[in-house]
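Participant: Build me a model from this:
(chains A and B)
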Amino acid sequence: METYPKVYLYRRIVKAKLFIDDNYACAIDLGDIADEAFFSKFHFIRLFKKTYGKTPHRYLTYVRIEKSKLLLKDEASVSEACYAVGFDSISSFTGLFKRMVGQTPSIYQQQCLSKNQEIKAIPLKYIPNCFAEMNGWIKKSNFQEV
Amino acid sequence: MLDQDSAYDFYVNKLGFKVHTDAPIGPGARWLTVNPPEQPELEIALMAISEGMMFTRESAESMRKLVAGGTFGFGVFECNDLLATYEELKAKGVEFKKAPTQEFYGFEALFKDDSGNWFSLGQRAK
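Facilitator: Below you'll find the model as predicted:
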């Protein structure tokens, strides 16, 4: 069994991070996450930030925003995405989303859906020419289908 | 890759990569690229080895055997904390050829993807 100094600490921090990853949509709080890792709140925040560069709360917010982006790409409404990932206020969600992504959820969704439509209509625009040719996905130069 | 759907699950759900482009081309053809979350401009293409213009049936079979046998190491990834990343990926079922080890060139682990391709995973110097 491979060991390294403080392996038990790492495993507990990782367990807490995975708990956030799996339960982001629920109303979890720091106490729940620290308990999951068998740490005091203060010690947990310090170790988590040292490992992941973010406090547990910021990481939870990050995960929620990332998951909301997937829902918006799947054409969920802004309110559906907001509540589905665990936010309880659309204005808070919108504000955080804009701060972290640089766009409002609506504009982000419009751009994603527009890109998806273009991918469906002109997929070859997104594929390197050489690769498309090697796989026979491009029309021949005399406009015959491959 | 040996299988595109399996590769999608590995890179997106286990490694945590983002889908960059997912473009169906036609029956049995799909352009799928992913990127590490911190590098949205990088595209890693997940393409299944199949008979066609690039491979004959025989060469595709040879290539699949080589990939499944772990012949190819396709690159080096970096992370902020190798021990934490190692524990997390292990918990998600990623197979490691080498646990985090201090080498003369750095702190490194080696992992395999779902097809058998292996990668070096190093820790960024602080």
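
Participant: Tell me which helix or strand the most centrally placed residue in chain A sits in.
Facilitator: For chain A, the residue sitting closest to the mean C-alpha position, by C-alpha atoms, centre = their mean, is residue A:66 at 2.7 Å. For residue A:66, the host element (DSSP states H and E) is helix A:56-73.

Participant: Next: residue B:77.
Facilitator: Residue-wise, residue B:77 maps onto strand B:73-79 under DSSP H and E.

Participant: partners of that strand, with directions?
Facilitator: Taking DSSP bridges as the criterion, strand B:73-79 forms sheet pairs with strand B:118-123 (parallel).

Participant: just how off-centre is the strand it pairs with within its chain?
Facilitator: 10 Å (C-alpha atoms, centre = their mean, to the nearest Å).

Participant: same check, this time on stretch A:84-98
Facilitator: The answer for stretch A:84-98 is 14 Å, by C-alpha atoms, centre = their mean.

Participant: repeat for stretch B:13-20
Facilitator: Centre-to-centre, stretch B:13-20 and its host chain are 10 Å apart (C-alpha atoms, centre = their mean).

Participant: Enumerate the residues of chain A near chain B.
Facilitator: Residues of chain A found near chain B (C-beta under 8 Å from any C-beta of the partner chain) are A:2, A:4, A:7, A:10-11, A:13-15, A:17-18, A:51-53, A:119-120, A:123-124, A:126-127, A:131, A:134-137. Using the backbone N, CA and C atoms, a C-beta is placed for each residue, glycine as well.

Participant: Which among those count as buried?
Facilitator: A:10-11, A:13-15, A:17, A:51-52, A:119, A:123, A:126-127, A:135, A:137 (16 or more other C-beta atoms under 10 Å in any protein chain shown).

Participant: what comes up buried for the lowest-mean-pLDDT helix or strand in chain A?
Facilitator: When the helices and strands of chain A are compared on mean pLDDT, DSSP states H and E, helix A:30-36 comes out lowest with a mean of 79. Neighbour counts over helix A:30-36 (16+ other C-beta under 10 Å) mark A:33, A:34, A:36 as buried.

Participant: between those, which is nearest chain B?
Facilitator: Taking C-beta to the nearest C-beta as the measure, chain B sits nearest to residue A:36 out of the buried residues of helix A:30-36, at 13.5 Å.

Participant: List the residues that contact the closest one.
Facilitator: Shown in contact with residue A:36 (C-beta atoms under 8 Å, 6 or more residues apart in numbering or on different chains): A:15, A:16, A:19.

Participant: Swap in 10 Å and give it another go.
Facilitator: For residue A:36, the contact set (C-beta atoms under 10 Å, 6 or more residues apart in numbering or on different chains) comprises A:12, A:15, A:16, A:17, A:18, A:19, A:20, A:23, A:28, A:44.

Participant: Which PyMOL command selects the buried ones in those?
Facilitator: Those of the contacts of residue A:36 that count as buried under 16+ other C-beta under 10 Å are selected in PyMOL with:
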select buried, chain A and resi 12+15+16+17+19+20+23+28+44
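
Participant: Reformat the contacts of residue A:36 as a markdown table; add distance to residue A:88, secondary structure and pLDDT.
Facilitator: Output for the contacts of residue A:36, formatted as a markdown table (distance: C-beta to C-beta, whole Å; DSSP: H, G, I helix; E, B strand; the rest coil; pLDDT from 0 to 100):
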| residue | distance to residue A:88 | secondary structure | pLDDT |
| --- | --- | --- | --- |
| A:12 | 29 | helix | 90 |
| A:15 | 26 | helix | 90 |
| A:16 | 23 | helix | 91 |
| A:17 | 23 | helix | 93 |
| A:18 | 24 | helix | 93 |
| A:19 | 20 | helix | 91 |
| A:20 | 17 | helix | 93 |
| A:23 | 15 | helix | 93 |
| A:28 | 13 | coil | 86 |
| A:44 | 24 | helix | 90 |
